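Novice: Give me coordinates for this.
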Amino acid sequence: MNPARIIDEHSPANIPIPDEQAAETCLTWPVAERRVAQWFEENRAALDSSNAYVENHGLPLAPSRSF
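Specialist: Okay, the predicted model is just below:
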């Protein structure tokens with residue numbers, strides 16, 4: 001068994017992907033990234049409020065943690 005050969009055989013360059021799937025994947029990532037960015041923009045106030053609470057008061061269940 002040659003580990004280098006196994007790695008080479010399973011590298012992304014050697015895994016066949018149909019052109020349609022490759023094109024779809026290339027288009028899907030930017031759309032998904034934009035949706036995530038949009039979600040963060042839409043929920044910025046709630047996230048900032050939650051982070052401010054934790055900064056001022058600590059984690060709500062911190063006393064119950066066993067670690």
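Novice: Going by C-alpha atoms from here, please, whenever you check contacts or count neighbours.
Specialist: OK.
Novice: roughly how far is the longest helix belonging to the chain from the heart of the chain?
Specialist: Ranked by residue count under DSSP state H, the longest helix found in the chain is helix 19-42. Relative to the centre of its chain, helix 19-42 is centred 12 Å away, using CA atoms, centre = their mean, to the nearest Å.
Novice: buried residues in that helix?
Specialist: Using 16 or more other CA atoms under 10 Å as the burial criterion, none of the residues of helix 19-42 qualify.
Novice: and if you look at stretch 41-58?
Specialist: Applying 16+ other CA under 10 Å to stretch 41-58 flags no residue as buried.
Novice: looking at the protein, which helix or strand does the model trust least?
Specialist: The helix or strand of the chain with the poorest confidence is helix 3-9; it has a mean of 65 (mean pLDDT, DSSP states H and E).
Novice: Roughly how far does Glu24 sit from Arg35?
Specialist: Using CA to CA, to the nearest Å, we find Glu24 at a distance of 16 Å from Arg35.
Novice: do the same with Glu41
Specialist: According to CA to CA, Glu41 stands 10 Å off from Arg35.
Novice: contact partners of stretch 57-67?
Specialist: Val54 (CA atoms under 8 Å, 6 or more residues apart in numbering).
Novice: circling back: on the C-terminal side of the longest helix of the chain, identify the next helix or strand.
Specialist: helix 44-57 (DSSP states H and E).
Novice: just how off-centre is that following helix within its chain?
Specialist: Here the centre of helix 44-57 is set off from its chain's centre by 22 Å, with CA atoms, centre = their mean.
Novice: Just the CA atoms of it, as CSV, please.
Specialist: Taking Å, rounded to 0.1, in the frame of the first residue of the first chain, the C-alpha atoms of helix 44-57 are listed here in CSV:
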residue,chain,number,x,y,z
ARG,A,44,-27.6,42.4,12.6
ALA,A,45,-29.6,44.2,15.3
ALA,A,46,-30.6,40.9,17.1
LEU,A,47,-27.0,39.6,16.9
ASP,A,48,-25.5,42.8,18.3
SER,A,49,-28.1,42.9,21.1
SER,A,50,-27.4,39.3,22.0
ASN,A,51,-23.6,39.9,21.9
ALA,A,52,-24.0,43.0,24.1
TYR,A,53,-26.0,41.1,26.6
VAL,A,54,-23.3,38.4,26.9
GLU,A,55,-20.6,41.0,27.2
ASN,A,56,-22.5,42.8,30.0
HIS,A,57,-23.9,39.8,31.9
